[in-house]
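Q: Sharing a sequence plus its predicted fold:
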Amino acid sequence: MTLEETPNPATDNPLLDLAYEPFLENLGDDYYDIVTAADFPLHRLRFRNDDLLAKIGLNPATVRDDDLIEAFGQFRGVRPFLALRYHGYQFGEYNPQLGDGRGFIYGQLRGTDGKLYDLGTKGSGRTPYSRTADGRLTLKGGVREVLAGEMLHRMGVRTSRCLTVIETGEQLWRGDEPSPTRSCVMVRLSESHIRFGTFERLHYLGRKDLIAKLLDRAIAQYYPEVDRANADPVVPYAPGDRPSSTEKYILFYAELVKRVAKLAAQWMAAGFCHAVLNTDNMAITGESFDYGPYAFIPRYDPQFTAAYFDYFGRYSYGNQAPICRWNLQMLQVPLRAIADSQEMDAALEPFYDDYNREYRRLMLAKLGFAEGFPEEAGTELVKTTIALLQQTDVGYHEFFWQIRKQFDRNWWEDITQVLPNFSDEEIVTHWRHCYYHLLQFISVDERETMTERLTRYNPETVIVRPEIEAIWEPIALHDNWDPFYHLLKRIQR
């Protein structure tokens, strides 16, 4: 019986009976260290994501809180826990002293959609990469990451999401806090924890063989459409006409460029500033994850910076697309060992075209529109919307919420009815004309879809910083979690 066929021992905990797969484990210990979890004095479940339990094939009604604590607080596991090794460019400087310092891969399993997902921990204890850190996570950090994942998911961003947050009873001292703070351990579900920095470490070590092995396995698992060794049978290739391995790597890189460009556009349209876009925080699946000092912008400001330690605005809101492209360019360095540099440059070239196309689509969707009108008219409306947001005092999310709230069929008939309570500044008047002009391309039958689109892309609640602080204060002072749970319901609604 092979490792893949080894069954999990039967238990009365459905989380331990899941069909965990050893994809990362089978790569070998050149890529990770086997670690153990910390022992915690307390295990109090503060958050469970029933939506994700259903996604991994479980009926939430059959999963007890104690089951979640046993698996993700006491860390009874069915496979080894793997702390992944990686390096990365942090604020533009290469750092070889990285790796999973306060987390590990608990396990990997298939979702109901057939995809392989990682269960990754945060705050689960020290590893060989913790260095002087304690390997812990503050409770506030866990709460913030829950909110980030759920908010971004609601807004259509490709994101990891938290499955559980368990308070652990330890008191943590942090440099930016005047007194000790509470601790927690978090488990998130994501498509992959393989990072750009995973390949950068292998290049640093001069291990071309490990780069090729990792990329071959990653393509087969996460990019089956470009894995010509296991090509989809519907793809018509003649027996002698399959692309070479090098060409396969270029196809992977080109698809990654497209995914990252779209992800950056999703952040921008959502008004989200990730804050720390180091290469060790970029996943090779093109998924957003690992949220630290993020923020949703209160007003449109390209210079808005979420992290207090980002002194020069490297990871400002408006710089996210250029930084993502730079990170992709840095990924070429390790990949040059197995792929052609000029071909990768050519694959990177469409980045801004892909980004601008997706950003335009998403911004028009926030305004209620799909495609089906002259491109220049849609482009002009998006440009005018950005100009309006920059030149007026209106909040970024409030502006789109007001469109959703006030949207009316009279807008087609009378331009003065388009956001009638808004100001009469010149830029607002110009915006009304652009919006009214685009409305004339929308048929009567399509008008209902505009309302649906405005609802989908413009949630009533967006968690700007004051709202997060407002729900954290009752937790910190009175252990009152009701505002947190109410906020989650508002986001998910």
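A: The structure has been received and is ready for your questions.
Q: make it CA atoms for all contacts and neighbour counts henceforth
A: Noted.
Q: which residues touch V143?
A: Shown in contact with V143 (C-alpha atoms under 8 Å, 6 or more residues apart in numbering): V165.
Q: What is the subsequent helix or strand relative to the helix or strand where it lies?
A: Assigned by DSSP states H and E, V143 falls within helix 139-154. Downstream of helix 139-154, the first helix or strand assigned by DSSP H and E is strand 161-172.
Q: helices or strands next to that next one in the packing?
A: Counting contacts by 3 or more C-alpha pairs under 8 Å, 6 or more residues apart in numbering; DSSP states H and E, strand 161-172 packs against strand 44-48, helix 50-55, helix 65-72, helix 139-154, strand 181-190.
Q: And the strands in the chain?
A: Under the criterion DSSP state E, the chain contains strands at 32-35, 44-48, 81-84, 88-90, 93-95, 105-110, 116-122, 137-138, 161-172, 181-190, 272-273, 295-296.
Q: As a markdown table, these with mean pLDDT and mean neighbour count would be great.
A: Shown next, in a markdown table, are the strands of the chain (pLDDT from 0 to 100; neighbours: other C-alpha atoms under 10 Å):
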| stretch | mean pLDDT | mean neighbour count |
| --- | --- | --- |
| strand 32-35 | 98 | 18 |
| strand 44-48 | 98 | 18 |
| strand 81-84 | 98 | 24 |
| strand 88-90 | 97 | 20 |
| strand 93-95 | 97 | 13 |
| strand 105-110 | 97 | 22 |
| strand 116-122 | 98 | 23 |
| strand 137-138 | 96 | 24 |
| strand 161-172 | 97 | 22 |
| strand 181-190 | 97 | 25 |
| strand 272-273 | 98 | 24 |
| strand 295-296 | 97 | 24 |
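Q: Let's have those in JSON lines, adding distance to G378.
A: As requested, the strands of the chain are exported to JSON lines (distance: least, C-alpha to C-alpha, whole Å):
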{"stretch": "strand 32-35", "distance to G378": "48"}
{"stretch": "strand 44-48", "distance to G378": "41"}
{"stretch": "strand 81-84", "distance to G378": "45"}
{"stretch": "strand 88-90", "distance to G378": "37"}
{"stretch": "strand 93-95", "distance to G378": "40"}
{"stretch": "strand 105-110", "distance to G378": "40"}
{"stretch": "strand 116-122", "distance to G378": "37"}
{"stretch": "strand 137-138", "distance to G378": "45"}
{"stretch": "strand 161-172", "distance to G378": "33"}
{"stretch": "strand 181-190", "distance to G378": "34"}
{"stretch": "strand 272-273", "distance to G378": "23"}
{"stretch": "strand 295-296", "distance to G378": "25"}
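Q: out of these, nearest to D209?
A: Minimum separation from D209 across these (C-alpha to C-alpha) falls at strand 32-35, 16.0 Å.
Q: what lines up beside that closest one in the sheet?
A: strand 81-84 (antiparallel) (DSSP bridges).
Q: got the contact list for the partner strand?
A: With C-alpha under 8 Å, 6+ apart as the test, strand 81-84 has contacts from 25, 31-36, 99-101, 103-107, 127.
Q: about what we covered before: pLDDT averaged over the helix holding V143 - what is it?
A: For helix 139-154, mean pLDDT rounds to 97.
Q: what is the orientation angle of it with strand 161-172?
A: On the basis of axes from the mean of the first three to the mean of the last three C-alpha atoms, to 10 degrees, helix 139-154 is oriented at 170 degrees to strand 161-172.
Q: Tell me who's in contact with the residue nearest to I105 when sequence neighbours are not counted.
A: Distances taken as C-alpha to C-alpha, 6 or more residues apart in numbering put G120 closest to I105, at 4.5 Å, once the chain neighbours are dropped. For G120, the contacting residues are 103-107, 187-190, 193, by C-alpha under 8 Å, 6+ apart.
Q: What distance do you get for G120 to F312?
A: Taking C-alpha to C-alpha, to the nearest Å as the measure, G120 falls 31 Å from F312.
Q: need the contact list for Q266.
A: For Q266, the contact set (C-alpha under 8 Å, 6+ apart) comprises 156-158, 358-359, 362.
Q: List the buried residues for the helix or strand bottoming out on mean pLDDT in the chain?
A: When the helices and strands of the chain are scored by mean pLDDT, DSSP states H and E, helix 447-457 comes last with a mean of 93. Across helix 447-457, burial judged by 16 or more other C-alpha atoms under 10 Å covers 447, 450-451, 453-457.
Q: hang on, isn't Y20 packed against L109?
A: Yes: here Y20 reaches L109: they are 4.7 Å apart, a contact under C-alpha atoms under 8 Å.
Q: show me the contacts for the closest residue in space to A377 that isn't next to it in sequence.
A: Nearest residue to A377 in three dimensions, chain neighbours excluded: L438, at 6.8 Å (C-alpha to C-alpha, 6+ apart). Contact analysis of L438 by C-alpha under 8 Å, 6+ apart lists 373, 377-378.
Q: Out of these, name the ones that lie in helices.
A: 377-378 (DSSP state H).
Q: out of the contacts of L438, which is most surrounded?
A: Tallying neighbours with other C-alpha atoms under 10 Å puts G378 at the head of those, with 23 neighbours.
Q: returning to that earlier point: is the residue nearest to I105 in a bridge, and if so with what?
A: In beta-bridge terms (that is, DSSP bridges), G120 pairs with I105, R188.
Q: What separation is there between it and H153?
A: Counting by C-alpha to C-alpha, the gap from G120 to H153 is 18 Å.
Q: just for the chain, where's the confidence low?
A: 1-10, 176-178, 228-245 (pLDDT under 70).
Q: show me what contacts the residue nearest the centre of it?
A: The chain has S288 as the residue nearest its centroid, 2.1 Å off, counting by C-alpha atoms, centre = their mean. Going by C-alpha under 8 Å, 6+ apart, S288 touches 157-160, 263, 282.
Q: would you turn those into a markdown table with distance to H274 and neighbour count?
A: Output for the contacts of S288, formatted as a markdown table (distance: C-alpha to C-alpha, whole Å; neighbours: other C-alpha atoms under 10 Å):
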| residue | distance to H274 | neighbour count |
| --- | --- | --- |
| V157 | 12 | 22 |
| R158 | 13 | 21 |
| T159 | 12 | 20 |
| S160 | 13 | 25 |
| L263 | 11 | 24 |
| M282 | 11 | 25 |
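Q: Not counting sequence-adjacent ones, nearest residue to D39?
A: Q74 (7.1 Å).
Q: ok, the one you found - how many residues close by?
A: Counted with other C-alpha under 10 Å, residues neighbouring Q74 total 21.
Q: OK, contacts around it?
A: If you count contacts by C-alpha under 8 Å, 6+ apart, Q74 has them with 39-40, 43.
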